[in-house]
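*Asks:* Here is a sequence together with a model predicted from it:
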Amino acid sequence: MKKEILLVADAVSNEKGVDREVIFQAIELALATATKKRYDEESDVTVTIDRRTGEYVTERRWLVVSDDTVAELGTQLTTEEAREVDPNLKVGDTHVEVVENVEFGRIAAQTAKQVIVQKVREAERAQIVNEYRDRVGELVSGTVKKVTRDNIIVDLGNNAEGCCRARNWSVVRSSG
């Protein structure tokens, strides 16, 4: 499993042109999501992957709240409950417990795929926004993709599109 994580991160990063760190974060989120499905109640689960070895650690966290607060099942402990776990815990502290890593079965793999695809799309959109952020007000060229009554959608290339509102453009007709 360790080597597969590294291979997936490298392959997706190279194929999509997305930073390897984004892929690791997506895999961590996917593993955490798959782990949460083990529990009946809501849970705060984090997964940390070693970027060199591919090994990962899964942790479950609880926030310690005062005894007069109604603790949220699965994510919070009252001070009384926290004392049973560790007498040194006080309000505002976080109790962290290492839990068993989720096995990458069919459901976990499907969840991971969905999260990775979503994160890659978000990263691609962010790259496009960053590419054009400094070009506001600059004249760019593209191919008209669609014309509606209110807008013209222009394909700028590299998965980028522009939208020109009707109030900002005029049609020049040639008589001929």
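*Replies:* That came through, no problem.

*Asks:* next helix or strand past the longest strand along the chain?
*Replies:* Assignment by DSSP state E gives strand 56-65 as the longest strand of the chain. As assigned by DSSP states H and E, the chain's next helix or strand after strand 56-65 is strand 76-78.

*Asks:* and the helix or strand that that next one is followed by, what other elements does it pack with?
*Replies:* Following strand 76-78 in sequence order, the next helix or strand is helix 79-85 (DSSP H and E). Contacts defined by 3 or more CB pairs under 8 Å, 6 or more residues apart in numbering; DSSP states H and E place helix 79-85 against strand 56-65. For every residue, glycine as well, the C-beta is placed using N, CA and C.

*Asks:* Report the strands that pair with the strand it packs on, each with its relative direction.
*Replies:* Strands that pair with strand 56-65, judged by DSSP bridges, come out as strand 44-49 (antiparallel), strand 76-78 (parallel), strand 94-99 (antiparallel).

*Asks:* Could you list the buried residues of that strand?
*Replies:* Across strand 56-65, burial judged by 16 or more other CB atoms under 10 Å covers 56, 58-60, 62-65.

*Asks:* show me the residues around the closest residue to Arg83 other than its chain neighbours that make contact.
*Replies:* Spatially, and ignoring its direct neighbours in sequence, Arg83 is nearest to Leu89 (7.0 Å; CB to CB, 6 or more residues apart in numbering). Taking CB atoms under 8 Å, 6 or more residues apart in numbering, we find Leu89 in contact with 64, 77, 79, 82-83, 95.

*Asks:* Any chance of a markdown table for these, columns pLDDT and distance to Ser13?
*Replies:* Below are the contacts of Leu89 laid out as a markdown table (pLDDT from 0 to 100; distance: CB to CB, whole Å):
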| residue | pLDDT | distance to Ser13 |
| --- | --- | --- |
| Val64 | 90 | 38 |
| Leu77 | 88 | 39 |
| Thr79 | 86 | 45 |
| Ala82 | 87 | 41 |
| Arg83 | 87 | 46 |
| His95 | 89 | 35 |
